[in-house]
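1. no sequence on this one, just coordinates:
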């Protein structure tokens with residue numbers, strides 16, 4: 001290549017040389033660039049859900065993509081004595097049972113698309129999740145995150161208070177939420193999560209054998225929110 005009189009190779013000359021030699025590589029504009037990451041909160045259809053009700057949450061996520069592995073279900077569990085009006089207390093000795101957790105109250109999980117198709121359904125989800133939590137997580141996780149997030153109970157059978165708040169990772173509820181990639185807006189928008197709540201005599205036990213939920217009359221679930229890890233993309 002012929003150089004200029006001052007023997008300086010200018011940028012324009014370099015680009016021309018690369019183009020002629022077929023060495024000029026143009027980088028394509030990246031796709032799916034994250035513009036904004038936020039937390040979108042979805043609320044249950046009813047503010048109060050009783051034992052054996054079906055708790056329903058509709059997804060209103062718009063055009064955002066959702067990371068389910070970083071999303072949570074927040075709920076408040078309220079226990080009542082046999083008259084079903086007097087709040088229970090820790091001294092009543094109601095527990096989730098050995099190795100149990102708040103997942104005990106979730107009998108059936110259904111995930112339904114906007115078109116009404118059942119994407120996933122798990123019957124006896126509380127039984128399945130009991131084994132999954134205890135066999136897929138190490139002791140350290142169960143005694144730390146497990147106790148803090150889902151009220152995991154060790155062999156000592158910790159007693160529940162009248163009001164108990166939990167923040168449940170969605171991936172612990174159903175394997176559908178174990179996706180490690182972003183779920184597209186076409187899937188998430190209009191999707192519905194249904195949780196059939198369990199009978200209190202099944203969900204709770206007392207330390208004394210043969211006295212299942214002896215002082216527990218019923219329970220309610222309030223303050224239910226889905227905290228979705230949401231991404232706006234270009």
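-> Everything's here; your move. Predicted, not measured: the structure shown is a model, and the values here were computed from it.

2. how near is the closest residue to residue 137 other than its chain neighbours to residue 158?
-> Leaving aside its sequence neighbours, residue 137 sits nearest to residue 146 (CB to CB, 6 or more residues apart in numbering; 6.6 Å). Heads up, the C-betas are built off the backbone N, CA and C, glycines and all. Between residue 146 and residue 158 the computed distance is 12 Å (CB to CB, to the nearest Å).

3. more crowded one of those two?
-> residue 146 (22 against 12; other CB atoms under 10 Å).

4. hang on, the more buried one is in a helix, isn't it?
-> Yes - per DSSP: H, G, I helix; E, B strand; the rest coil, residue 146 lies within a helix segment.

5. Let me know whether it touches residue 101 as I believe.
-> Yes - between residue 146 and residue 101 there is a contact under CB atoms under 8 Å: 7.0 Å.

6. which residues do these two both contact?
-> 133, 152 (CB atoms under 8 Å, 6 or more residues apart in numbering).

7. and the next element down the chain from the worst-scoring helix or strand of the chain on mean pLDDT?
-> The weakest-scoring helix or strand in the chain, judged by mean pLDDT, DSSP states H and E, is helix 11-20 (a mean of 59). Remark: after helix 11-20, the chain's next helix or strand is strand 34-43, criterion DSSP states H and E.

8. could you say what helices and strands that following strand packs with?
-> strand 54-58, strand 218-233 (3 or more CB pairs under 8 Å, 6 or more residues apart in numbering; DSSP states H and E).

9. for the ones you listed, which one sits closest to residue 170?
-> strand 218-233 (7.8 Å; CB to CB).

10. Pull the distance from the closest one to the chain's centre.
-> 8 Å (CA atoms, centre = their mean, to the nearest Å).

11. before we move on, what about stretch 42-57?
-> That offset, for stretch 42-57, works out to 16 Å (CA atoms, centre = their mean).

12. Mind listing what's buried along it?
-> 42, 44, 49, 50, 51, 55, 56, 57 (16 or more other CB atoms under 10 Å).

13. now stretch 61-72
-> So, applying 16+ other CB under 10 Å, buried residues of stretch 61-72: 61, 64, 65, 66, 67, 68, 69, 71, 72.

14. So which residues make contact with that stretch?
-> With CB under 8 Å, 6+ apart, stretch 61-72 has contacts from 38, 40, 42, 149, 167-171, 176-180, 182-185, 188-189, 226-233.

15. now those residues: which count as buried?
-> Using 16+ other CB under 10 Å, the buried ones in these are 40, 42, 149, 168-171, 176-177, 182-183, 185, 188-189, 226-231.

16. Phi first, then psi, for the residue positioned nearest the centre of the chain.
-> Per CA atoms, centre = their mean, the C-alpha nearest to the average position across the chain is that of residue 170, at 1.8 Å. Here is the backbone geometry of residue 170 (degrees, to the nearest 10): phi -60, psi -30.

17. tell me the contacts of it?
-> 68, 69, 71, 72, 73, 177, 226.

18. Same question for residue 150.
-> Residue 150 neighbours (CB under 8 Å, 6+ apart): 101, 102, 103, 133, 166, 168, 172.

19. Skipping its backbone neighbours, what lies nearest it in space?
-> residue 101 (4.2 Å).

20. Dump the buried residues of stretch 61-72 into CSV; add secondary structure as well.
-> Shown next, in CSV, are the buried residues of stretch 61-72 (three-state DSSP):
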residue, secondary structure
61, coil
64, coil
65, strand
66, strand
67, strand
68, strand
69, strand
71, strand
72, strand
